[in-house]
Each structure stands twice: as structure tokens, then as C-alpha cells.
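Undergrad: All I have is the shape, not the residue letters:
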Ligand code: AP5
Ligand code: MG
């Protein structure tokens, strides 16, 4: 099964991808995580991406599509299926993905739109911390680590993302409404979209995603 998780910053795409990968073995392909790894490794792509990410702007689509195409074509992604987290988030990226599907003879089974009002997103992003090594996601109030600034899974230090600052958060929300909402409409027009209420507890959101994906699969096989 191949899924797209689409939604605004802080809606819980990474949290749900972590659950789906752990429990049903889908490979997470998160454009944001891959960019942060490139930044950490100080590659040319990382240096380019940092100039955009720190200000909450989108990295240009050309390099983003190339980076994601490589992962989508990988044997690891194709073995049990994959979750796209954060890609596509502009119409040119969605069109490029449709072309990849044709080329590779693979299909996206479902597009899940996670939905939460903006004011809740700001409080989720303001309290978020993440693991520098395994990428686990916490929240200082709602999902605190057992020990301050230490990951429960791998004991690595936790960090606050450079784009979780008030100005960058506002910019990311604006870009979501202006540039990514048309992608939501694109998939809705193709009859591929299911909306999930992501204000609920993460476990309930997870169950809704599984139910939506199963419903899409069974519809496709009829
Ligand atoms: P990216 O890393 O994808 O960031 P984002 O889309 O802004 O989303 P976030 O990762 O901030 O939020 P999330 O939905 O994953 O929420 P999370 O699970 O962490 O991209 C970063 C940047 O990279 C972009 O701004 C752009 O510059 C660049 N980029 C990436 N992809 C690109 C592309 N395709 N094209 C161009 N540029 C690109 O949860 C957030 C918090 O809420 C956590 O603390 C969590 O514990 C908590 N939480 C989660 N679920 C719940 C729940 N159900 N109830 C209560 N709390 C919850
Ligand atoms: Mg994320």
C-alpha cells in the first residue's frame, strides 16, 4: 500500500508516519526529514535547503522532486509500500508524482488529508521537540519524553527545529493555504482524497487513517 499524508505544519504527519511504519511496515519518505538529514550532513543540497527552510519557505520543486524520485524508486520503498509525508506540496510536484507512477507502474492507493484548525497547530509546533538521531517526535506538554531533552527510544539528545519559530510558523501556514491546498483539491478532484479529523488523539487518528486506506483499497479492487 502506498499512501500520501497531506496537511498543514504540525497536523501530525510525522507522528502518524512513525506509527504506520512501526506497526504495518510502510517505509516513511518524509521530504522534511530528508532535508534535515542533508543539512546535518552539510551537503550542497542541505546548504541550499537550509536557506529556505529556516524562513519557512518551500525548497524549489526541481531539487525536491529529484530527491524524492530517488527514494520512491528505491527497493526499500517498493518492498512493503511507502508513506509520503510532506510531498507533494505544490501542484508541479503532484504532476511529477503522477508521471513517476506511470513510469514505475506503481500507484498511490490513498491520499489522506489530516485536518486541524490553525490555532491548534501553533500550540502543537511551539511545544514540539524531536530526536536528533531516530527522528521520534515529542511535545513538551502533550507527549513529554521520560527524561528532559533525552529520547525515550535511543537516548539521543532532543532538539527544537529551526523553523519552529513564530515568524517561520506563520510563513509555513500561509504557504500551506496558498500552495498546498490546491494539491488537496487536485486529489479530491481525482476521487483519491479522504479527510481525517486530526484534532483527535493520535491513536484515533491512526485508526481513521487505516480505515480510510482499507476502504480505498477495497474500492480499487472492485
Ligand atoms: P516538514 O518537515 O514536512 O514540515 P511541515 O510540513 O511544516 O510539518 P511538520 O513536520 O512541522 O508537522 P507534522 O505534520 O509532521 O507534525 P508532527 O507529527 O511533528 O517540512 C519542513 C520544511 O522543509 C518545509 O517548510 C519546507 O521548507 C521544506 N520542505 C519539505 N517538503 C517540501 C516539499 N515537498 N517541497 C518544498 N519544500 C519542502 O506533530 C507536531 C506536534 O504535534 C508534535 O509535538 C506532536 O507530538 C503533536 N501531535 C501530533 N499529533 C497530535 C495529536 N493527534 N494530538 C495532539 N498532539 C499531536
Ligand atoms: Mg513532520
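TA: Alright, I've got the coordinates. This one's a predicted model, so the numbers in the text were calculated from it and none came from an experiment. Numbering: from 1, shown residues only. Ligands and ions are numbered 1, 2, ... in the order given.
Undergrad: And stretch 77-95, what's buried?
TA: Neighbour-count burial for stretch 77-95 flags 77, 81-90, 93-94 (criterion: 16 or more other CB atoms under 10 Å). Quick note: C-beta positions are derived from backbone N, CA and C, even for glycine.
Undergrad: Likewise for stretch 181-193?
TA: Within stretch 181-193, the residues scored as buried using 16+ other CB under 10 Å are 183-184, 186-187, 192-193.
Undergrad: taking the buried residues of stretch 77-95 one by one, which sit in strands?
TA: Judged by DSSP state E, the subset of those located in strands is 82-85.
Undergrad: returning to that earlier point: near ligand 1 too, which of the buried residues of stretch 77-95?
TA: Among the buried residues of stretch 77-95, the residues lying close to ligand 1 (CB under 6 Å from any ligand atom) are 86-87, 89, 93.
Undergrad: Which positions in this protein make contact with ligand 1?
TA: Residues of the chain lying near ligand 1 by CB under 6 Å from any ligand atom: 7, 9-15, 31-32, 35, 52-53, 56-59, 64, 86-87, 89, 93, 124-125, 127-128, 137-139, 142-143, 163, 172, 198, 201-202, 205.
Undergrad: Buried members of these into PyMOL, please.
TA: Restricted to buried positions by 16+ other CB under 10 Å, the PyMOL selection for these reads:
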select buried, resi 7+9+10+11+12+13+14+15+31+32+35+53+56+58+59+64+86+87+89+93+124+125+127+128+137+138+139+163+172+198+202+205
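Undergrad: who's in contact with stretch 139-152?
TA: Under the criterion CB atoms under 8 Å, 6 or more residues apart in numbering, residues 124, 127-129, 131, 133-134, 136-138, 156-158 lie in contact with stretch 139-152.
Undergrad: Give me the mean pLDDT for it.
TA: Averaged across stretch 139-152, pLDDT comes to 95.
Undergrad: now stretch 160-175
TA: Average pLDDT, stretch 160-175: 95.
Undergrad: and that stretch, which residues are buried?
TA: Buried residues in stretch 160-175, counted by 16+ other CB under 10 Å: 163-165, 168-169, 171-173, 175.
Undergrad: can you pull the contacts of the residue of the chain found nearest ligand 1?
TA: At 1.8 Å from ligand 1, residue 32 is the closest residue in the chain, using CB to the nearest ligand atom. Residues counted as contacts of residue 32 (CB under 8 Å, 6+ apart) are 14, 53, 85-86.
Undergrad: Tell me which other helices or strands the longest helix belonging to the chain touches.
TA: The helix that spans the most residues within the chain, counting by DSSP state H, is helix 202-221. For helix 202-221, the packing partners by 3 or more CB pairs under 8 Å, 6 or more residues apart in numbering; DSSP states H and E come out as strand 3-6, helix 13-24, strand 110-115, strand 193-197.
Undergrad: Make CSV out of those and add distance to residue 73.
TA: Formatted as CSV, those follow (distance: least, CB to CB, whole Å):
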stretch, distance to residue 73
strand 3-6, 16
helix 13-24, 19
strand 110-115, 20
strand 193-197, 25
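Undergrad: out of those, deepest packed?
TA: strand 3-6 (a mean of 25; mean count of other CB atoms under 10 Å).
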